[in-house]
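Enquirer: no FASTA, just this:
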């Protein structure tokens, strides 16, 4: 580890940071609408983004600074088990091809801004809508915090912020500045800011990974030496070498499957999706987004490289930034650090907007001020986006980073429990609204209690996301077990409530809404019904 501040790397980092800051503020003038004071404009970019803007936005949304830092850090610490993120991103794209275009269509037809808007309209239940909204906000908060953790890791390695100074303000000043800039241009430009910045972020990440995957192995003597060093470390640690032990295979598989089901339940994923200008844009994106999975696989290999390079860190999140500083020339280390830092700003902005939209549409408007005007909605959403980021900042500055990571894992367990209401509702109205609410409650309760009972070397509770699967005896992902219980309860209660003829609520959607598109002239059209529409 180099002593002191890496001035060259810091200078390059600041250059890119200032460049994207300027882009963030200028984005307010990009495709400016006649009326900017609506959630469609501020929170969804006017629903006007084409294929490539949406692709970069979704990529910037899903492949974050935390991904850049944490995936190879998991490989660095645990071996091939850390590669679970690769199969889950492969599984997710065929899945979303089936339901995201339907969600875009019905949301476009009815002006839905959030998943909770759709759930309320589909099932006629403000209670179920509120449950989905609260879950989304709770799951998003630690996710935003982890983006700030990614920035802090880079600043630590460059020698600024997070140091040994006893003055907390001096220690965290760089992070506070980054937060202030993020908050300002998100407030000013809404979703247009991260959409524009995502071009820079993803370009930098692809360049850094392409260079790293060629340059670092050459310096380390090739991949044979890298895998040999990694295998020796895992064998010595009793981890069974490069291949996960048989006892961990259920955990690996269920974590990959559960994560795939959960990824597009997150509010920020849906916000980026609904910003697309047509149904066809969404369909195209589900076919080209797997390019990011290729990048993720190469990124995970950096964990093995950090071992072979002899990187020693007490905090695993610093392993990859430290690898870059040790192996790259200072100027290119600055480029790599900028890629990670900007990779935090884009998703943090989208996440805060998504959480704010949920609060505004499904808590403020539904329960506090039903007569709110579009201008009032936009003002409230802007203010809440600031509060969300402040909450994430406080979380990062006052709690141990391991706690932040484990709460994000808990958020994944929670958000998966909205799957039956959202995806189930996109294909069928068979489920009863109260049954879905009951299933959600059971899934949330089981998932939280089970996660509370998981300990780690640093935490007595919420120390992980895997536990014994009831009735099977294998260790698996808690979120997937909770989801199965959720779905089972929803099915049983639906039969019971239908037998009791409980009121089902009004469905404001129609079968044609799920295939609606926008024609070239901006006129709504309907595509031919598909086989999936037979369930309506």
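Expert: Cool, the structure landed. These figures come from a predicted structure and were not determined experimentally.
Enquirer: pLDDT-wise, which helix or strand of the protein ranks last?
Expert: strand 524-526 (a mean of 44; mean pLDDT, DSSP states H and E).
Enquirer: Pull the contacting residues for residue 225.
Expert: Contacts for residue 225 (Cβ atoms under 8 Å, 6 or more residues apart in numbering) come out as residue 308. (C-beta placed from N, C-alpha, C; glycine too.)
Enquirer: how about low-confidence regions in the protein?
Expert: 1-3, 31-35, 161-171, 237-245, 401-402, 519-536 (pLDDT under 70).
Enquirer: Excluding chain neighbours, give the residue nearest to residue 16 in space.
Expert: Leaving aside its chain neighbours, residue 16 sits nearest to residue 338 (3.7 Å; criterion: Cβ to Cβ, 6 or more residues apart in numbering).
Enquirer: burial measure for residue 437, as a count.
Expert: When neighbours are counted by other Cβ atoms under 10 Å, residue 437 registers 21.
Enquirer: all helices for the stretch 1-150 of the chain, in order.
Expert: 7-26, 39-42, 51-62, 65-78, 85-110, 115-123, 126-158 (DSSP state H, counting those that start in this stretch).
Enquirer: Which of the residues in the last one are classified as buried?
Expert: In other words, helix 126-158. 126, 128-158 (16 or more other Cβ atoms under 10 Å).
Enquirer: same deal with the fifth one?
Expert: In terms of neighbour count (16+ other Cβ under 10 Å), helix 85-110 has its buried residues at 85-93, 96, 99-109.
Enquirer: From the contact counts, what lies against it?
Expert: When contacts are defined as 3 or more Cβ pairs under 8 Å, 6 or more residues apart in numbering; DSSP states H and E, helix 85-110 packs onto helix 65-78, helix 115-123, helix 249-263, helix 267-274, helix 279-288, helix 290-308, helix 419-427, strand 516-518.
Enquirer: ok now the fourth one, how far from the chain's centre?
Expert: Its chain's C-alpha centre lies 10 Å from the corresponding centre of helix 267-274 when counted by Cα atoms, centre = their mean, to the nearest Å.
Enquirer: next one: stretch 412-425
Expert: 15 Å.
Enquirer: what do you get for stretch 328-348?
Expert: That offset, for stretch 328-348, works out to 19 Å (Cα atoms, centre = their mean).
Enquirer: for stretch 398-414, same thing?
Expert: 13 Å.
Enquirer: Just the buried residues of that stretch, please?
Expert: 401-414.
Enquirer: ditto for stretch 281-296
Expert: Those would be 281, 282, 283, 284, 285, 286, 289, 292, 293, 295, 296, for stretch 281-296 by 16+ other Cβ under 10 Å.
Enquirer: I'd like to know which of the residues you listed is nearest to residue 16.
Expert: Nearest to residue 16 among the buried residues of stretch 281-296, counting by Cβ to Cβ, is residue 295 at 19.0 Å.
Enquirer: In space, what's closest to that closest one - neighbours in sequence excluded?
Expert: Nearest one to residue 295, counting by Cβ to Cβ, 6+ apart, is residue 209 at 5.8 Å.
Enquirer: Correct me if wrong: that neighbour contacts residue 298.
Expert: Yes. Between residue 209 and residue 298 there is a contact under Cβ atoms under 8 Å: 5.3 Å.
Enquirer: more neighbours, those two?
Expert: residue 209 (21 against 15).
Enquirer: Would you enumerate the residues in contact with residue 65?
Expert: 147, 150, 151, 340, 341, 342, 343, 344, 347.
Enquirer: Report the separation between it and residue 338.
Expert: 11 Å (Cβ to Cβ, to the nearest Å).
Enquirer: Same question for residue 122.
Expert: Distance check for residue 122 against residue 338: by Cβ to Cβ, it reads 43 Å.
Enquirer: Looking at these two, which has the bigger crowd around it?
Expert: Set residue 122 next to residue 338 and count neighbours by other Cβ under 10 Å: residue 122 wins out with 28 against 25.
Enquirer: in terms of contact, does the more buried one touch residue 507 like I think?
Expert: Yes. With contact taken as Cβ under 8 Å, residue 122 and residue 507 are classed as touching, separated by 5.9 Å.
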